[in-house]
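A.B. asks: Please work out how this folds:
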Amino acid sequence: MTVSRRPNGQALEPPLRVESREELVYLLGEACELEHGLLCEYMYAQFSLKRGIDEGVSPEQLARLQAWETTIIDVVKQEMLHLALATNILTAIGAAPHFERPNFPILSRWYPPDVQIGLVPFGERALRHFMFLERPEGMALHDAEGFSSVGGMQPLTVDDPQITAGPEEWHTVGHLYRGIESGLAHLVNRFGEAAVFIGPPKAQATTEVFEWPELTAVTNLASASAAIEIIVEQGEGARGDWVKSHFGKFVGILEDLLAVQTRDPAFVPARPVLPVFLRRPPDVEQVTLIEDALSRRVADLFNAVYEVILQVQSRYFVHHGETPQELETLAKTAKHLMNWVMRKLGPVLTSLPVGPEFPGRTAGPAFEIVRPAFFVLPHREAAWKILHERLETLAGVCAGLAHEPGLGVMAELEGNLRGMAGDLDQHLTARAGSRPGPARS
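C.D. replies: Predicted coordinates for the structure are as follows:
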């Protein structure tokens, strides 16, 4: 497919072609990966922020840092909502949740050439990159320095019958979702709504469980279109009105940051973080490996917490046999792991050294993907036992780390993890008590 380009380097936005369920699932999988990747990018920037005046910032600058973090947290929460809504659409058309993704940095061999996702500490470069990814459809904008295209892709052509799915040329979040929306409408017109929306309604994430007012079940074309409208409106703005969107929020933070740096050119808002890996992943050519022993232990814990969050979310969307109370516990566990563990653990990791080969640099979480298959736990009783086991194991790791200098917060994380493990154990115990005992002769 030949795509003409505007002078600013942004590709024109051709319509996406969706003529099969397989292609629709493929594009929704890309949408989930994109939401997931943005979520990690934003958390990485958040965790990189300096935390006190002992890091070389004034009280006034620290107040600005805290305000920027609050805004980023709001965006992160909405990205979690967007991932849940995209997963609802996947579930509604009969597909599995899609929480896997490539390891960072995700370069253009995975997506269209101008769509790249990498981990960047908070600052002007990160904000310009975020603005580029969240830009409204048709807006002329360059990506940040260092994100130039490194390779092409082979999109589907008009001759492809779409028996198997493949990539298509999209350039913005809105462009991708509008293509998905158009594809849904096309399939409904062709096969009928009942033939397209075949997923179980009970598998939908809803407001009653996750507490997002905008999180609605997807059961037909109208509700799918409403979900897409929420995602696009919050990300890039409502049909051109982007002030309150993610794009607008990043514009506001960037203007504020540049004003602070004009008053104090020496102001540096972020710690000197590098995205670091415990082990070299098979899908990234060049990575930085952690050398410091304590940093490795904390990074390993962070990656494990991240993995359990994805396991809990996957279990929620592929559940079978759970009671409403058990589903509510799964949802709360996912939220509590994010809010009560990961949000506190990230800044701990970014305060620790990478190792002697990188003097002065601190460890940024790489959100390592070890094996995507780890996320899906298909059998109910085994799944709950594995999740309980994992939470207890991670609590024990926190208990050991709490004795290390400067890591006293680990005792709080241990308590949070044991509390979540206890919530799961209550359901396991209740299930065991409701089963009939062995027959007596």
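A.B. asks: which residues of this protein fall in strands?
C.D. replies: Using DSSP state E, the strands found in the chain span residues 273-277, 288-289, 362-365.
A.B. asks: So what's the residue count around Leu413?
C.D. replies: Residue neighbour count, defined by other Cβ atoms under 10 Å, stands at 25 for Leu413. Quick note: C-beta positions are derived from backbone N, CA and C, even for glycine.
A.B. asks: Apart from its chain neighbours, what residue comes closest to it?
C.D. replies: Once flanking residues are discounted, Leu413 sits nearest to Cys398: 4.6 Å by Cβ to Cβ, 6 or more residues apart in numbering.
A.B. asks: Quick check: that neighbour touching Asp300?
C.D. replies: No: if you go by Cβ atoms under 8 Å, Cys398 and Asp300 don't touch, sitting 11.9 Å apart.
A.B. asks: So these two - more neighbours on which side?
C.D. replies: Legend: neighbour count by other Cβ under 10 Å for Cys398 and Asp300, higher for Cys398 (25 against 15).
A.B. asks: How about Gly146, nearest residue that isn't a chain neighbour?
C.D. replies: For Gly146, the closest residue by Cβ to Cβ, 6+ apart turns out to be Arg125, at 7.3 Å.
A.B. asks: and the one you found, how far is that from Ser58?
C.D. replies: The spacing between Arg125 and Ser58, counted by Cβ to Cβ, to the nearest Å, is 23 Å.
A.B. asks: picking up where we left off before, the residue nearest to Leu413: what's it in contact with?
C.D. replies: 301, 410-411, 413-414, 417 (Cβ atoms under 8 Å, 6 or more residues apart in numbering).
A.B. asks: Give me the distance between it and Arg390.
C.D. replies: From Cys398 to Arg390 the distance is 13 Å (Cβ to Cβ).
A.B. asks: do the same with Ile117
C.D. replies: 27 Å.
A.B. asks: More neighbours: which of these two?
C.D. replies: Ranked by neighbour count (other Cβ under 10 Å), Ile117 and Arg390 place Ile117 first, with 24 against 19.
A.B. asks: now the helices for the protein?
C.D. replies: With DSSP state H as the criterion, the chain has helices at 21-48, 59-92, 124-133, 173-191, 193-196, 207-210, 221-236, 246-263, 293-317, 324-336, 343-349, 380-401, 409-434.
A.B. asks: and Phe104, which of these is closest to it?
C.D. replies: Nearest to Phe104 among the helices of the chain is helix 21-48 (7.1 Å), distances taken as Cβ to Cβ.
A.B. asks: angle of the closest one against helix 124-133?
C.D. replies: 160 degrees (axes from the mean of the first three to the mean of the last three Cα atoms, to 10 degrees).
A.B. asks: Could you tell me the angle between helix 21-48 and helix 221-236?
C.D. replies: Using the same axes, to 10 degrees: helix 21-48 against helix 221-236 is 30 degrees.
A.B. asks: List the buried residues for stretch 344-353?
C.D. replies: Using 16 or more other Cβ atoms under 10 Å as the test for burial, stretch 344-353 gives 345-353.
A.B. asks: from the middle of its chain, how far away would it be?
C.D. replies: 19 Å (Cα atoms, centre = their mean, to the nearest Å).
A.B. asks: Okay, now it: how far is its last residue from its first?
C.D. replies: 17 Å (Cα to Cα, to the nearest Å).
A.B. asks: List of residues touching that stretch?
C.D. replies: By Cβ under 8 Å, 6+ apart, stretch 344-353 touches 43, 46-49, 51, 271, 273, 292, 294-295, 298-299, 301-302, 305, 361-365, 406-407, 409-410, 412-413.
A.B. asks: Name the nearest of the buried residues of stretch 344-353 relative to Leu327.
C.D. replies: Nearest to Leu327 among the buried residues of stretch 344-353, with distances taken as Cβ to Cβ, is Leu345, at 26.0 Å.
A.B. asks: Mind listing what's buried along the helix or strand of the chain with the lowest mean pLDDT?
C.D. replies: Every helix and strand in the chain was compared by mean pLDDT, DSSP states H and E; the lowest is helix 207-210, with a mean of 78. Using 16+ other Cβ under 10 Å as the test for burial, helix 207-210 gives 209-210.
A.B. asks: name the helices or strands packed onto that helix?
C.D. replies: Where contact means 3 or more Cβ pairs under 8 Å, 6 or more residues apart in numbering; DSSP states H and E, helix 207-210 is packed against helix 324-336.
A.B. asks: who's in contact with the helix it packs on?
C.D. replies: 205, 209-211, 309, 312-313, 315-316, 319, 322, 384, 387, 416, 420, 423-424, 427.
A.B. asks: what about burial for the residues you listed, which qualify?
C.D. replies: Using 16+ other Cβ under 10 Å, the buried ones in the contacts of helix 324-336 are 205, 209-210, 309, 312-313, 315-316, 319, 322, 384, 387, 416, 420, 423-424, 427.
A.B. asks: Now Val268. Nearest residue, chain neighbours left out?
C.D. replies: Gly56 (7.2 Å).
A.B. asks: burial count for the one you found?
C.D. replies: For Gly56, using other Cβ under 10 Å, the count is 11.
A.B. asks: got it, and Pro213?
C.D. replies: 7.
A.B. asks: Contacts only, for the nearest residue to it once chain neighbours are set aside.
C.D. replies: Ranked by Cβ to Cβ, 6+ apart and with sequence neighbours excluded, the top spatial neighbour of Pro213 is Thr207, at 5.9 Å. Residues near Thr207 by Cβ under 8 Å, 6+ apart: 213-216.
A.B. asks: Just the buried ones from the residues you listed?
C.D. replies: Using 16+ other Cβ under 10 Å, the buried ones in the contacts of Thr207 are 214-216.
A.B. asks: wait, Met131 sits on Gly248?
C.D. replies: No: Met131 is not in contact with Gly248 according to Cβ under 8 Å; the separation is 9.3 Å.
A.B. asks: higher neighbour count, those two?
C.D. replies: Met131 (22 against 17).
A.B. asks: Quick one: residues contacting the nearest residue to the more buried one once chain neighbours are set aside.
C.D. replies: Spatial nearest neighbour of Met131, chain neighbours left out: Phe250 (4.9 Å); criterion: Cβ to Cβ, 6+ apart. Phe250 is in contact with 75, 127, 130-131, 134, counting by Cβ under 8 Å, 6+ apart.
A.B. asks: Could you find the closest non-adjacent residue to Trp184?
C.D. replies: Let me fix one detail, which is that residue 184 is Leu and not Trp. Ala224 (5.5 Å).
A.B. asks: Return the per-residue confidence for that neighbour.
C.D. replies: In this model, Ala224 is scored at 97, pLDDT.
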